[in-house]
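In: I would like to see how this sequence folds:
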Amino acid sequence: MTGKMQKSSLRKYKGKNVLIVGLGKSGTAAFDLMALSGAHIAVYDAKDIEWEDPKFFKKIKEVGARVFFNGAAVPDEPWDYMVMSPGVSPQLPLVQAGLAKGARMTGDLQLAYEIAQGPFVAITGTNGKTTTTTLTGEMYRKAALDSKVTGNIGTAVISSVLDARPDCVFVTEVSSFQLETCTSFRPDVSAILNITPDHLDRHGTLEEYAKMKGKVFARQTEEDYLVYNADDELTAKVAAKAKARKMPFSRLTELKQGAFARDGRMIIKTPKGKVIDLAGVDELLIPGAHNLENALAASAIAWSGGVDPVYISQALTTFKGVAHRLEPAGTIDGVRFVNDSKGTNPEASQKAIDATAPNILLIAGGYDKHSDFHGFIRGFGGKVSQLILLGATAAQIKREAEEEGFTNIYMVEEMGEAVRLGFELAGPGDTVLLSPACASWGMYTCFEERGEHFKKCVAELKGKKG
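Out: Here you go, the predicted model:
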């Protein structure tokens, strides 16, 4: 991987009027970047950052940035750039007003790409991004290649770029929200893991959501690689439009080239026909058919990025998974607790159910992303015995579950109550599974916070039982 060394510096932002919209992790990183550039900065956030993060607010004052907190009205003036946090919709009235006056919209991924010297590996999809990105990063680490796992996975991509060496590879988890504001982003290797209905509250239709996912390869050329899921019809249809060299992966079918499973082995078949045996499927330490797909995807991505198959194999047989994705959270009197807070849509939670043995007491519900839960309920397949619901979608899930004939339903107000009730209803050998099928927003700031709270509630319950 060589990277694209023609990227611009920060000079183009010097003296420009820049409005940063949203001050989460990516917004604060964007602020640091714009402060370095010499831009005239204003910041907007619906919360009061002065009280929530006084240390950062002090930094804002030192730079002399104007602040508009608690949803305060932003002056109707021209902005050269509007830097969007991924969680903020471009349909926000103040954003639309800025665009109408000629502002250029950008985001953290685009900004990071503009200043980074090293190449990008960009991994997107509805489900499996975090596991695949982390496993891919582990393959680079095993190979002792200078790399950083970054993006929509914990560390803001701008923060990773600012302190990286010139040849660093950025193994990046990329969301549809981040891709929405990209104008020149071109990764050396891109990947689309799958596309199923999600974030329809933001994108409106599945077609528009798929279009945003396709932006990951939109500017790639024949010099670059696209890895995609050949088993997913919509993903394959979107990938067919790419100019990049294609490396599909498949859990179900032997491919002419790409990564696939054959006779219990994980295989890569190169475009020149060479067959590379990586590892046995049973050597994977992460459970479930979906994780076999993630492993095949990571293998294809790492191979496309030039990682020696020896190190791909080593990572496949030693990787133990990521936090908040089918993460054991403890056992009390024979009842297992499993944290799958990363299950932020019905499809992701369905995979968690498929990978978990019966009898499951499922804790679900959260932020409303306009999902339909009928198919999710039908997918229980007799494995879920009780459904414990909380959050904004609780009533909707209850209604749709009852329409599907599932009636063992309990409504609770908060996580501690859900954990206690799950334990009371469970018996030895049962599993209390947190896999919400919904985003965490509203009750929590992120799925990590939700998962940590679940684990804390389990630990507190264990302490009382002890």
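In: residues touching residue 93, list them.
Out: Contact analysis of residue 93 by C-beta atoms under 8 Å, 6 or more residues apart in numbering lists nothing. Every C-beta, even on glycine, is put in place using the N, C-alpha and C of the backbone.
In: cool, and residue 401?
Out: Taking C-beta under 8 Å, 6+ apart, one finds 373, 377, 387, 407, 409 in contact with residue 401.
In: just these now: which is nearest residue 75?
Out: residue 373 (42.8 Å; C-beta to C-beta).
In: Residue 207 versus the closest one, what's the distance?
Out: According to C-beta to C-beta, to the nearest Å, residue 373 and residue 207 sit 21 Å apart.
In: What's the mean pLDDT across the longest helix that the chain contains?
Out: Criterion DSSP state H: the longest helix present in the chain is helix 447-465. Mean pLDDT, helix 447-465: 94.
In: buried ones in it?
Out: Neighbour counts over helix 447-465 (16 or more other C-beta atoms under 10 Å) mark 447, 450-455, 457-458, 461-462 as buried.
In: quick one: contacts of that helix?
Out: In contact with helix 447-465 (C-beta under 8 Å, 6+ apart) are residues 154, 323-324, 327, 329-330, 332-333, 337, 339, 341-342, 344, 363, 366, 415-416, 418-420, 423, 434, 436, 439-440, 443-444.
In: Buried members of these into PyMOL, please.
Out: Selection of buried members from the contacts of helix 447-465 for PyMOL, criterion 16+ other C-beta under 10 Å:
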select buried, resi 324+327+329+332+337+339+341+342+344+363+366+415+416+418+419+420+423+434+436+439+440+443+444
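In: What about the contacts of helix 447-465, which are in helices?
Out: Per DSSP H, the contacts of helix 447-465 map to helices at 415-416, 418-420, 423.
In: would you list those residues in CSV and tack on pLDDT and distance to residue 177?
Out: Formatted as CSV, the ones in helices among the contacts of helix 447-465 follow (pLDDT from 0 to 100; distance: C-beta to C-beta, whole Å):
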residue, pLDDT, distance to residue 177
415, 98, 26
416, 97, 31
418, 98, 28
419, 98, 31
420, 97, 35
423, 97, 36
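In: Distance to residue 80 added to those residues, as CSV?
Out: Output for those, formatted as CSV (distance: C-beta to C-beta, whole Å):
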residue, distance to residue 80
415, 44
416, 48
418, 48
419, 49
420, 53
423, 56
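In: which residues does residue 37 contact?
Out: Residue 37 is in contact with 10-11, 13-14, counting by C-beta under 8 Å, 6+ apart.
In: top of the residues you listed by neighbour count?
Out: With neighbours taken as other C-beta atoms under 10 Å, the top of the contacts of residue 37 is residue 13, carrying 24 neighbours.
In: While we're on the residue lying closest to that residue once chain neighbours are set aside, how confident is the model there?
Out: Closest residue to residue 13 apart from its sequence neighbours, by C-beta to C-beta, 6 or more residues apart in numbering: residue 37 at 3.9 Å. We have a pLDDT of 92 for residue 37.
In: cool, residue 275 as well?
Out: The model's pLDDT for residue 275 equals 97.
In: can you start the count at 34 instead of 1 from here on
Out: Sounds good: first residue 34 from here, last item residue 308.
In: What's opposite it in the beta bridge?
Out: Beta-bridge partners for residue 308, by DSSP bridges, are residue 302.
In: sorry, back to before: and the contacts of residue 434, which of them are buried?
Out: Here, 16+ other C-beta under 10 Å leaves 406, 410, 420 buried among these.
In: picking up where we left off before, out of the contacts of residue 434, which sit inside strands?
Out: Secondary structure from DSSP state E places 420, 442 of these in strands.
In: Tell me which two of the contacts of residue 434 sit farthest apart.
Out: Pairwise over those, using C-beta to C-beta, the maximum falls at 406 and 440, 14.7 Å.
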